[in-house]
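Asks: Task: produce atomic coordinates for the following.
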Amino acid sequence: MQEEIFCPFCDDFTEHVTIKRGREHLVRCEACGAVHPVEQERTRLASLRVIVSREGTSQRCQMEIPADDLLRVGDELLVDDGVNEVILSEITSIETERRVEKAQADEIKTVWVRAVDEVVVKVSVHDKRTTSSHVIRSWGDDPFEVGEVRLADRTRFRIEKIKLRSGRFVKRAVAKDILRMWGVKL
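Replies: Residues are numbered from 1 along each chain as shown. As a prediction, the model looks like this:
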């Protein structure tokens, strides 16, 4: 495997080939042919307790990430505790000694997240007389748009309004950001 590494003989970053792996890798410079050791960077890890919410249920996970990573509410986090599935999620809350909007991983006690890889989009569909509630299971990054025709529980409808989790109404959004949609039955 080739990678760019600083060569002390060329006094520049050049392509190198790894000859031997270990605490210090032994590499050969492709430009000058010199062989020299390269110390591998060690990354200090922080152990995080993560509470993952999905459709009204919560799951507790433990995972390790680089200690100097800065996490913010609203950021996406790939939760992988090595035992359960890997879950794409959005950070909803961070606890250090108190609730904060951002913190370095080694300062965090607990992170609350909501799963956004697969989500449920709530839909209210009316036919001028009655309104019925439905759900659409969707990938978090699936787009929805006002005017689009969709199917929910075998009911065809045209999207009339989309409300985001932030409370705003928009013409288009991805599933993970939608709080509720309204539509007219076709």
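
Asks: So which bits of the worst-scoring helix or strand of the chain on mean pLDDT are buried?
Replies: Taking mean pLDDT, DSSP states H and E as the measure, the chain has strand 2-7 as its least confident helix or strand, at a mean of 82. Residues of strand 2-7 classed as buried: 5, 7 (neighbour count, 16 or more other C-beta atoms under 10 Å). For the C-beta atoms, the positions are set from N, CA and C on the backbone; glycine is no exception.

Asks: Can you list the neighbours in contact with stretch 39-58?
Replies: 23-25, 59-69, 77, 79, 81, 87, 89, 92, 105-106, 108-115, 118, 120 (C-beta atoms under 8 Å, 6 or more residues apart in numbering).

Asks: got the buried residues for it?
Replies: Buried residues in stretch 39-58, defined by neighbour count with 16+ other C-beta under 10 Å: 46, 48, 50, 51, 52, 54.

Asks: ok, now stretch 134-152?
Replies: Under the neighbour-count criterion of 16+ other C-beta under 10 Å, stretch 134-152 has 134, 136, 138, 140, 142, 144, 146, 150, 152 buried.

Asks: Now it - C-alpha only, CSV.
Replies: This file holds the C-alpha atoms of stretch 134-152, laid out as CSV (Å, rounded to 0.1, in the frame of the first residue of the first chain):
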residue,chain,number,x,y,z
HIS,A,134,-50.9,7.1,8.2
VAL,A,135,-47.2,6.4,8.4
ILE,A,136,-44.6,5.9,5.7
ARG,A,137,-41.5,4.0,6.5
SER,A,138,-38.6,5.5,4.7
TRP,A,139,-34.9,6.0,4.5
GLY,A,140,-33.8,9.1,6.3
ASP,A,141,-32.5,10.8,3.2
ASP,A,142,-35.5,10.1,1.0
PRO,A,143,-36.9,13.4,-0.4
PHE,A,144,-40.5,14.5,-0.2
GLU,A,145,-42.0,17.4,-2.0
VAL,A,146,-45.3,19.3,-2.0
GLY,A,147,-47.4,18.2,-5.1
GLU,A,148,-45.8,14.8,-5.2
VAL,A,149,-48.2,11.7,-5.2
ARG,A,150,-47.4,9.1,-2.6
LEU,A,151,-48.8,5.9,-1.2
ALA,A,152,-49.4,5.3,2.6
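
Asks: Centre of the chain to stretch 104-117, how far?
Replies: The chain centroid and the centroid of stretch 104-117 are separated by 11 Å, computed with C-alpha atoms, centre = their mean, to the nearest Å.

Asks: OK, contacts around residue 116?
Replies: The neighbours of residue 116, taking C-beta under 8 Å, 6+ apart as the test, are 76, 88, 89, 90, 140, 176.
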